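Enquirer: need coordinates for the following:
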Amino acid sequence: MARIHRRKFLKLSAAGTGAAATGGLAAILATGRAPAYAQGATVHWLRWNDFVPSSDKLLREQIIPQAAKDLGITLNIEMINGNDIQARTTAAIQSGTGPDVICALNNWPQLYAASVTDVSDIADKIGQDQGGFYAESTAVANDGKKWLGVPWSIIGAANAYRKSWFEAAGATKFPETWDEYRALGKKLKPKGQPIGQALSHSFGDPPTFWYPFLWSFGGAEVDKSGKKVALDSKATVEAVKYAVAFWKDCFDEGGLAWDDSSNNRAFLAGTISSTLNGASIYLLAKREPDKYQTEKGTPIYQDILHAPLPKGPAGQFSFQLVQTNMLMGYSKQQAAAKKFLAWITSKPVYQAWFDSQSGYTVGGTKVWENDPLWKKDPVLAPFRLVGRNANFAGYPGPANRNAAEALSKYIIIDMYAKAVQGMAAEDAVKWATGELQKIYT
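Expert: Purely as a prediction, here's the structure:
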């Protein structure tokens, strides 16, 4: 973990306080009283258990006490499984009480637009100061009128694969097309080295793989207007048919029951040869080289490379996992929570967290592409620019509330899963089309 020394934190504190202050010390003295947020305010921040444990440690051990020094608030960080965040969010909104700030995944902010505070003042300033937001970060967190949350990060998705296994099967580089990948997988699976991918109800790996797979064949949920369901097409049927054969020929078929950590464990255990994932597999293997080794007894991280998803008939696509901090409308700590969001996302404070991620995420803003971190390890290079050309659920239409609902209900994922489990491709597509029409009409 990149530790933050006292001298660095003093600089961080000064910069963070400056970003958070609205009038400075002179303004406070003029009023004759301390700002409301400094009088024992507690801000409750709900977020996931990070796939990089050092980042959670940083938040607990250094960010919490620094928030008390810089902002005069008590920061209560609650960390839970990512798959449980949406249920907690819904329950909090229904009860009118819960975390002040919730770090949402994907385009969930679009679902809760009526229940969050407009944070345009904060987001606009962060974007201005840090080179602008990626289109994907904006698509999920802005409804065209206001910011529904402050973009936090983009978790890069790329294929982690075993270089030596691929070479033994005749591949000197990662396949460029699905046909090449399938041909390679047909060689690997009989050797006990299948491709591993979740085809299940989990927020990260399933959509980041199966949505781009659909787009690469020319299929889409809706048209460009985002109003007309367009899923039932020849392109979609072909994508599903291909997926069924691909799954049988090349994949670990247990992926129907996997969550977002299953492929990590399988890869590190040496039971799969390739998987679309964040950099967490590589980072863990590198952090514990004596624990995670190849069948030859060498550190497995030395045999891992990364590459983007292959091309299909309609091109090459990606779906990157986005995180957004939402300030909940029911919060009674609006002023303190806004100060916190401006502070935690300011460059000096965010820098410490970004360093602790070691390349697992890029920021929601473009300035982080140029961070020195990316020059330290070429194996992580494929993640540096993932935010540039990523699409999101609802493509080619907007990543709006309808797209968020469809994603939350795993309609596209279930379309593939039903076909893999025996339903005719045409019937799986018609089922999914009917489910989408319930949402979009």
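Enquirer: quick check: closest non-adjacent residue to residue 68.
Expert: residue 74 (6.4 Å; CB to CB, 6 or more residues apart in numbering). Just so you know, the C-beta spots here come from the backbone N, C-alpha and C atoms, and that holds for glycine as well.
Enquirer: what about that neighbour, how many neighbours?
Expert: 14 (other CB atoms under 10 Å).
Enquirer: ok, it - contacts?
Expert: Residues in contact with residue 74 (CB atoms under 8 Å, 6 or more residues apart in numbering) are 40-43, 67-68.
Enquirer: who's it bridged to?
Expert: In this entry, residue 74 is beta-bridged to residue 42, by DSSP bridges.
Enquirer: state the distance from it to residue 41.
Expert: 7 Å (CB to CB, to the nearest Å).
Enquirer: ditto for residue 257
Expert: According to CB to CB, residue 257 stands 44 Å off from residue 41.
Enquirer: more neighbours: those two, which one.
Expert: residue 41 (21 against 10).
Enquirer: for residue 100, see how far away the nearest residue to the more buried one once chain neighbours are set aside is.
Expert: Among residues not flanking residue 41 along the chain, residue 336 sits closest, at 3.9 Å (CB to CB, 6+ apart). Counting by CB to CB, the separation of residue 336 from residue 100 is 8 Å.
Enquirer: go on, residue 415?
Expert: Per CB to CB, residue 415 is found 37 Å from residue 100.
Enquirer: pLDDT below threshold where in this structure?
Expert: 1-39 (pLDDT under 70).
Enquirer: partner residues bridging the most centrally placed residue in it?
Expert: Centroid check for the chain by CA atoms, centre = their mean gives residue 321 as the closest residue, at 2.5 Å. Beta bridges link residue 321 to residue 155 when assigned by DSSP bridges.
Enquirer: for residue 151, which three-state class applies?
Expert: strand (DSSP: H, G, I helix; E, B strand; the rest coil).
Enquirer: what about it, neighbour count?
Expert: 27.
Enquirer: then residue 193?
Expert: So residue 193, with other CB under 10 Å, has 21 neighbours.
Enquirer: mind listing what it touches?
Expert: Applying CB under 8 Å, 6+ apart, the residues near residue 193 are 162, 165, 272-273.
Enquirer: max pairwise distance over those: which two?
Expert: Using CB to CB, the contacts of residue 193 reach their maximum pairwise distance at 165 and 272, which is 9.8 Å.
Enquirer: next up, phi/psi of residue 228, please.
Expert: The phi/psi pair for residue 228 (degrees, to the nearest 10) reads phi -110, psi 120.
Enquirer: the residue nearest to it when sequence neighbours are not counted and residue 395: what is the separation?
Expert: Closest residue in space to residue 228, ignoring its immediate chain neighbours: residue 222 at 6.1 Å, by CB to CB, 6+ apart. For residue 222, the distance to residue 395 equals 9 Å [CB to CB].
Enquirer: wait, residue 244 sits on residue 417?
Expert: No. The pair residue 244 and residue 417 does not pass the contact test of CB atoms under 8 Å, sitting 10.4 Å apart.
Enquirer: buried residues in stretch 202-219?
Expert: 202-219 (16 or more other CB atoms under 10 Å).
Enquirer: just the CA trace of stretch 381-396, in CSV.
Expert: Extracted in CSV, the C-alpha atoms of stretch 381-396 (Å, rounded to 0.1, in the frame of the first residue of the first chain):
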residue,chain,number,x,y,z
ALA,A,381,-1.0,-0.5,-19.3
PRO,A,382,-4.2,-1.8,-21.0
PHE,A,383,-6.2,-0.3,-18.2
ARG,A,384,-5.0,3.3,-18.5
LEU,A,385,-7.3,4.4,-21.2
VAL,A,386,-10.3,2.2,-20.6
GLY,A,387,-12.6,5.1,-19.9
ARG,A,388,-12.1,6.7,-23.3
ASN,A,389,-14.4,4.7,-25.6
ALA,A,390,-16.5,2.6,-23.2
ASN,A,391,-20.3,2.3,-23.8
PHE,A,392,-22.9,1.6,-21.3
ALA,A,393,-26.2,-0.3,-20.8
GLY,A,394,-28.8,1.2,-23.1
TYR,A,395,-26.3,1.8,-26.0
PRO,A,396,-26.8,3.2,-28.6
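Enquirer: and that stretch, how far out from the chain middle?
Expert: 11 Å (CA atoms, centre = their mean, to the nearest Å).
Enquirer: check stretch 358-374 too.
Expert: The answer for stretch 358-374 is 14 Å, by CA atoms, centre = their mean.
Enquirer: need the helices for the stretch 151-300 of the chain, in chain order.
Expert: When secondary structure is read from DSSP state H, counting those that start in this stretch, the stretch 151-300 of the chain shows helices at 163-168, 178-188, 205-216, 234-250, 262-268, 280-287.
Enquirer: to residue 144, which of the ones you listed lies closest?
Expert: Using CB to CB, these put helix 205-216 closest to residue 144, at 22.0 Å.
Enquirer: ok, so of the contacts of residue 74, who is nearest residue 237?
Expert: Out of the contacts of residue 74, the member with the shortest distance to residue 237 (by CB to CB) is residue 43, at 49.4 Å.
Enquirer: burial count for the closest one?
Expert: Residue 43, neighbours per other CB under 10 Å, totals 25.
Enquirer: also residue 65?
Expert: Should you count by other CB under 10 Å, residue 65 turns out to have 12 residues around it.
Enquirer: domain ranges for the protein?
Expert: 6-155+320-383, 158-319+409-440 (automatic domain parsing).
Enquirer: need the ones you listed in CSV (columns: distance to residue 391).
Expert: Shown next, in CSV, are those (distance: least, CB to CB, whole Å):
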stretch, distance to residue 391
domain 6-155+320-383, 8
domain 158-319+409-440, 6
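Enquirer: quick one, which of those is nearest to residue 403?
Expert: domain 6-155+320-383 (6.2 Å).
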